[in-house]
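Undergrad: Have a look; sequence and predicted model below, questions after that.
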Amino acid sequence: MIADTILSPTLSDQPLDILHGVFGYPAFRGPQQAIVEHVTGGGDALVLMPTGGGKSLCYQIPAIARQRAGRGFTLVISPLIALMHDQVGALHEAGVSAAFLNSTLTSEEASDVERRLMRGDITLLYAAPERVTSPRFLALLDSIHERGLLGLFAIDEAHCVSQWGHDFRPEYRGLTVLHERFASVPRIALTATADDLTRADILERLQLEDAQAFVSSFDRPNIRYTIVEKRDSTQQLLRFIAREHAGDAGIVYCQSRRKVEDIAQTLVEAGIDALPYHAGLDSKLRQTHQDRFLREEGVVMVATIAFGMGIDKPDVRFVAHLDMPKNIEGYYQETGRAGRDGLPAYAWMGYGLQDVVNQRRMIDESPAAEEFKQGLRGKLDALLGLAEATDCRRVRLLAYFGETLAGGQFPAGPPQGELTPSGGSEPHAVGSVGVKYNCNNCDNCLNPPDIWDGTDAARKLLSTIYRVQQTSGMHFGAGHLMDVVRGKVTEKVTQHDHTTLSTFGIGADFSEIQLRGVLRQLIALGAVAVDAQSFNTLHLTDKSRAVLRGEVAVQLRESVSTPAERKSRSKSGAGPAAIKAPIALDGAALERYAALKAWRAEVAREHNLPAYVIFHDATLAAIAKRAPQSLEDLQGISGMGAKKLEAYADAVLGVMAQGE
């Protein structure tokens, strides 16, 4: 374990002084100051802040301030061992006394941490919820509390407490014991993702009804959102990486373990440094792959959703989804792992009819109560609405979380996909809602798609489902039904008398791609049901009638290629070996930046920490641009706190001198 540096009690307990002196940042961002002051003063808080928005400082600064003021240590509840290690390592680098209690410690090491807690020698302690709620640990907290050394509870990844969240963990429910047992100790719950339903569940489950809520903007303006229809998704991914992100760190999400391994192998064969990660791999191998991703540059992690929570790597330049997630919360959380440093990043997703069928089937086969299933279907429909949208994706994404973009307005009325007649002569349109806003950083705003009216195709598909079932007494899957609509004679089609089937060939003018898009919408609308118990065959529902009667219009996007597929972005010196600085640097400064990164890599290896824990790229770039020659020249650079200045100033100045 890395030796702790105990902070002197004579140091300032003022939040702004801690921000400057410990973390080296010139000013708070957004609502950070209000949150820090509220929690430092003993108030409860619920904090919703996007990934990369600085959530950690919202409890780390109050933790330092409260201990310096004699109010005890802060217990941080975190679900992941890897996150604990990196957070504690980063705090040590900043000169803060921090520790963790988890299964990686020996019994002697764990006992030492507990003794230090009793002495008041630790500022922040990280532990998992299952440990925190154990009788032995609660007894330890009782003893510490009696000594006046328990100052604050910080519940990270708080969405895990909610059944409506995308990463529900039952052990989080037991955290209510903290309020029941230590009512006088303030609590702060933090998450990057929660819609209104999840937010309300967090407040109720953690008994935080009286807490002050701090909700930041969910907008990540540095992330470009692109969603494409799957054609050959593997080749689409390879083109996307080769043309847009050669040599960049990224994450590729797949739904199945087998697909993770297949895609990782394909990327490696294409010359991309890629690694697989899923729960079926040996735990040591998973840890090795995660360490490589965090500590090396340009590694692409291909993973299931088992990977990612708490990953603090700031320079992930893209997140790609080869399969559609379950809901917008999961999509937002996963894409938010790109561009944590605030620099340009890309969120790319491919989706298709089979994604919709698979997700619907998993919901329908779930043993959950029907009310809960209905909620899951609604969340899936919202994500499909985002994928099929023809207007600004950012407006739709933020509207889901109850936020309106400045200058953009989401329309009132029934949400997209709801089968609600307009009551007038015009049918209620599904697919495009006509939001007039250009974020200039999503595919729809940069390359507006053409729109076509799929109402006629939808009615023909529904009629075919009905006629085929009526004449054969059987139900069929999507492929066969589209063959009938298009008048395609196949062996299966000839098994029933297609020559007398009134709908045979009535949609010959529609392409298979168009009909698949229509089916996606009809399934999302609930106008077509998928029978998972009968080979994914399609059935009409009560909602089919509204489409058949022309009461619901189906507006769809024309299939378009993405900018990455049409033309390559111009890159100077693109490739794995290219040095990409986060700010504009001239030739000499770029050489200094490269030298600083090489030095940082050596230090990170010595400390067994990710390189960004030593210094972020932005800090190195600022140093390279300033070309400091003295200790005074280094002062005031963002990210250069007092402890890091003391620890690394001589070495950094040495690197600068070598470049002269």
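TA: Arrived safely. None of these values were measured; they are calculated from a predicted model. Residues are numbered from 1 along each chain as shown.

Undergrad: Against residue 250, how distant is residue 321?
TA: Distance from residue 321 to residue 250, counting by C-beta to C-beta, to the nearest Å: 12 Å. Any C-beta I mention is one placed from the backbone N, CA and C, and that applies to glycine too.

Undergrad: Compare these two (neighbour count), which wins?
TA: Higher neighbour count among residue 321 and residue 250: residue 250, with 27 against 24, using other C-beta atoms under 10 Å.

Undergrad: Contacts for stretch 511-518 next, please.
TA: By C-beta atoms under 8 Å, 6 or more residues apart in numbering, the surrounding residues in contact with stretch 511-518 are 229, 352-353, 388, 452, 454, 457-458, 461, 478, 482, 485-486, 507, 510, 554, 556-557, 559.

Undergrad: what is the rounded mean pLDDT of it?
TA: Stretch 511-518 carries an average pLDDT of 84.

Undergrad: Pull out the buried residues from it.
TA: For stretch 511-518, a neighbour-count test (16 or more other C-beta atoms under 10 Å) marks 514, 515, 516, 517, 518 as buried.

Undergrad: Go through those residues and name the one nearest residue 223.
TA: Relative to residue 223, the closest of those is residue 517; by C-beta to C-beta it sits at 25.4 Å.

Undergrad: Confirm that that closest one sits in a helix.
TA: Yes. Using DSSP: H, G, I helix; E, B strand; the rest coil, the assignment for residue 517 is a helix.

Undergrad: how near is it to residue 328?
TA: The gap separating residue 517 from residue 328 is 20 Å, by C-beta to C-beta.

Undergrad: repeat for residue 526
TA: Plainly put, residue 526 is 18 Å away from residue 328 if you go by C-beta to C-beta.

Undergrad: Which one's more surrounded, those two?
TA: Ranked by neighbour count (other C-beta under 10 Å), residue 526 and residue 328 place residue 328 first, with 22 against 17.

Undergrad: Phi first, then psi, for that one.
TA: Residue 328 adopts backbone torsions of phi -70, psi -30, taken as degrees, to the nearest 10.

Undergrad: shouldn't it be in contact with residue 382?
TA: Yes. Between residue 328 and residue 382 there is a contact at 5.4 Å, judged by C-beta atoms under 8 Å.

Undergrad: shared neighbours of these two, which are they?
TA: Counting by C-beta under 8 Å, 6+ apart, the contacts common to residue 328 and residue 382 are residue 400.

Undergrad: next structured bit after the helix-or-strand element of the chain with minimal mean pLDDT?
TA: Least confident helix or strand, the chain: strand 428-430 with a mean of 35, by mean pLDDT, DSSP states H and E. As assigned by DSSP states H and E, the chain's next helix or strand after strand 428-430 is helix 443-446.

Undergrad: same for that following helix, what does it pack against?
TA: The helices and strands touching helix 443-446, judged by 3 or more C-beta pairs under 8 Å, 6 or more residues apart in numbering; DSSP states H and E, are strand 223-229, helix 393-400.

Undergrad: from the chain's centre, how far out does stretch 584-601 sit?
TA: Relative to its chain's centre, stretch 584-601 lies at 30 Å (C-alpha atoms, centre = their mean, to the nearest Å).

Undergrad: Other residues contacting that stretch?
TA: The contact list for stretch 584-601, computed with C-beta under 8 Å, 6+ apart, reads 579, 581, 611, 614-615, 617, 620-621, 623-625, 627, 651-652, 655-656, 658-659.

Undergrad: Next: stretch 167-180.
TA: For stretch 167-180, the surrounding residues in contact (C-beta under 8 Å, 6+ apart) are 77, 79, 128-130, 132-133, 138, 153, 155, 157-162, 185, 187, 205-208, 305, 309, 330, 333.

Undergrad: Filter the contacts of stretch 511-518 down to the ones in strands?
TA: 229, 452, 554, 556, 557 (DSSP state E).

Undergrad: Skip the chain neighbours and tell me the closest residue to the last one.
TA: It refers to residue 557. Distances taken as C-beta to C-beta, 6 or more residues apart in numbering place residue 449 nearest to residue 557, at 4.3 Å, with adjacent residues excluded.

Undergrad: Surely that neighbour and residue 390 touch.
TA: Yes. Residue 449 is within contact range of residue 390, at 5.5 Å (criterion: C-beta under 8 Å).

Undergrad: what do those two both touch?
TA: Counting by C-beta under 8 Å, 6+ apart, the residues touching both residue 449 and residue 390 are residue 557.

Undergrad: Export the host helix or strand of residue 464 to CSV, keeping only CA atoms.
TA: Residue 464 is part of helix 455-472, with elements assigned from DSSP H and E. What follows is helix 455-472 as a C-alpha-only set of coordinates in CSV (Å, rounded to 0.1, in the frame of the first residue of the first chain):
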residue,chain,number,x,y,z
THR,A,455,-47.5,4.7,-43.2
ASP,A,456,-48.4,2.8,-46.4
ALA,A,457,-45.6,0.3,-45.8
ALA,A,458,-46.7,-0.2,-42.2
ARG,A,459,-50.3,-0.9,-43.2
LYS,A,460,-49.2,-3.4,-45.8
LEU,A,461,-47.0,-5.2,-43.3
LEU,A,462,-49.8,-5.4,-40.8
SER,A,463,-52.2,-6.6,-43.4
THR,A,464,-49.8,-9.3,-44.4
ILE,A,465,-49.3,-10.5,-40.8
TYR,A,466,-53.0,-10.9,-40.6
ARG,A,467,-53.6,-12.5,-44.0
VAL,A,468,-50.7,-15.0,-43.6
GLN,A,469,-51.9,-16.1,-40.2
GLN,A,470,-55.5,-16.3,-41.4
THR,A,471,-54.8,-18.5,-44.5
SER,A,472,-52.1,-20.7,-43.0
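
Undergrad: Next, the buried residues of that helix.
TA: By neighbour count, with 16+ other C-beta under 10 Å as the criterion, the buried positions of helix 455-472 are 455, 457-465, 467-469.

Undergrad: how far is that helix from where the chain is centred?
TA: 39 Å.

Undergrad: Show the average pLDDT along it.
TA: Mean predicted lDDT for helix 455-472 stands at 87.

Undergrad: Against which helices or strands is it packed?
TA: Using 3+ C-beta pairs under 8 Å, 6+ apart, helix 455-472 sits against helix 478-486, helix 512-525, strand 528-531, strand 537-540, helix 544-548, strand 552-557.

Undergrad: Name the SS class of residue 52, please.
TA: coil.

Undergrad: nearest spatial neighbour of it, skipping sequence neighbours?
TA: Excluding the flanking residues, the one nearest residue 52 by C-beta to C-beta, 6+ apart is residue 340, at 3.6 Å.

Undergrad: Okay, residue 191 and residue 154: tell me how far apart.
TA: According to C-beta to C-beta, residue 191 and residue 154 sit 12 Å apart.

Undergrad: next one: residue 478
TA: Distance from residue 478 to residue 154, by C-beta to C-beta: 48 Å.

Undergrad: Could you do residue 378 as well?
TA: Per C-beta to C-beta, residue 378 is found 32 Å from residue 154.

Undergrad: Please identify which of those two sits among more neighbours.
TA: More crowded of residue 378 and residue 154, by other C-beta under 10 Å: residue 154, with 27 against 14.

Undergrad: contacting residues around the more buried one?
TA: Residue 154 sits next to 59, 63, 74, 75, 76, 77, 187, 188, 190 when contact means C-beta under 8 Å, 6+ apart.

Undergrad: before we move on, back to that, possible to save the helices and strands packed on helix 443-446 as CSV with distance to residue 91?
TA: Below are the helices and strands packed on helix 443-446 laid out as CSV (distance: least, C-beta to C-beta, whole Å):
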stretch, distance to residue 91
strand 223-229, 28
helix 393-400, 33
